[in-house]
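Q: structure for this input, please:
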Amino acid sequence: MASILLMISCKLTSAVFQPSPWQLAHATFYGDETASETMGGACGYGNLFANGYGTDTAALSPTLFNNGYACGSCYQIKCFQSPWCFTGDIAFTRVTATNLCPPNWSQDSNAGGWCNPPRTHFDMSKPAFMKIAQWKAGIIPIMYRRVPCARSDGLRFSFQGNGYWLLVYVMNVGGGGDISQMWVKGSKTGWISMSHNWGASYQAFATLGGQSLSFMITSYTTKETIYAWDVAPSNWNQGLTYEANVNLR
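A: Down below sits the predicted model:
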């Protein structure tokens, strides 16, 4: 993985993400203790170990997933009023949203179709689930809240696509962890609006080869906007990841 450090930065706004109120939901888990089944996922983060997310992750029900705009958002979760909870009601864990828990319309929403809309549900990695409850429980009631994503280092931009179509996955997002809008600027172009593809990816149909690239990113939750100047050099290529030294707060 290539990493190019951003040298210049500036912020357009100074919004800071604040924790949300506690809410009720339920949680299950998928995969085993290795969390191998959580790799990839609908957000497009690929290898969660290599990209810094590890095993503290969860798939969100469609109501929470919000067509991928919730990718990268962070949650504090505690087991709530269940005999399966560890240490009563005080076991906490934090997870990042990296995947979608799809609905299962063949099963009742209260008997197997846990992720069917309008339910709010977390399908956690097994290691994350085992921090708050015994895995034999299968499903537990929880309390959850959005919390700031504490990320070291800057935003990471993973490039895909081709010479006429730039597809960028944005990772390691701090603050609210989410993105609502994104723009790209070549060293020979103005700002080009990128459309939301899916998950944490944004795309631009433009010829940008041979130009250094800068990005402008707006948080979905806080509306904070930051510039990441000269993130990728003029010889950038698909399959590489470039790092900035700015992040959302």
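Q: quick one: secondary structure of the residue minimising distance to the centre of the chain?
A: Nearest residue to the geometric centre of the chain (CA atoms, centre = their mean): Gly72, 1.6 Å. At Gly72, secondary structure determined by DSSP: H, G, I helix; E, B strand; the rest coil is coil.
Q: any idea how far it is from Asp32?
A: Using CB to CB, to the nearest Å, we find Gly72 at a distance of 24 Å from Asp32. Any C-beta I mention is one placed from the backbone N, CA and C, and that applies to glycine too.
Q: thinking the residue nearest to the centre of the chain is in contact with Ile179, fair?
A: Yes - assessed by CB atoms under 8 Å, Gly72 is found in contact with Ile179 at 7.3 Å.
Q: pLDDT at Gly68, what is it?
A: If you check Gly68, the pLDDT there is 96.
Q: try Ser3
A: pLDDT, Ser3: 40.
Q: Leu48: what secondary structure?
A: Going by three-state DSSP: Leu48 is coil.
Q: residue contacts, it?
A: By CB atoms under 8 Å, 6 or more residues apart in numbering, the contact set of Leu48 is Ala35, Thr38, Met39, Gly41, Gly54, Thr55, Thr57, Thr98.
Q: just give me the closest of these to Arg249.
A: Nearest to Arg249, judged by CB to CB, of the contacts of Leu48 is Thr98 at 21.0 Å.
Q: what about the closest one, which helix or strand?
A: Secondary-structure assignment from DSSP states H and E places Thr98 in strand 92-100.
Q: what comes into contact with that strand?
A: Taking CB under 8 Å, 6+ apart as the rule, strand 92-100 contacts 38, 40-43, 45, 48, 53, 56-60, 62, 64-65, 68, 70-78, 122-125, 128, 131-132, 147, 149, 177.
Q: which of these are buried? Put it as a ChimeraX command.
A: Those of the contacts of strand 92-100 that count as buried under 16 or more other CB atoms under 10 Å are selected in ChimeraX with:
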select :38,41,42,43,45,48,53,56,57,58,59,60,62,64,65,68,70,71,72,73,74,75,76,77,78,122,123,124,125,128,131,132,147,149,177
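Q: which of the contacts of strand 92-100 fall in helices?
A: Among these, the members found in helices (DSSP state H) are Pro62, Leu64, Phe65, Ala128.
Q: which among the residues you listed gets closest to Trp183?
A: Distances from Trp183 to the ones in helices among the contacts of strand 92-100, taken by CB to CB, are shortest for Phe65, at 24.0 Å.
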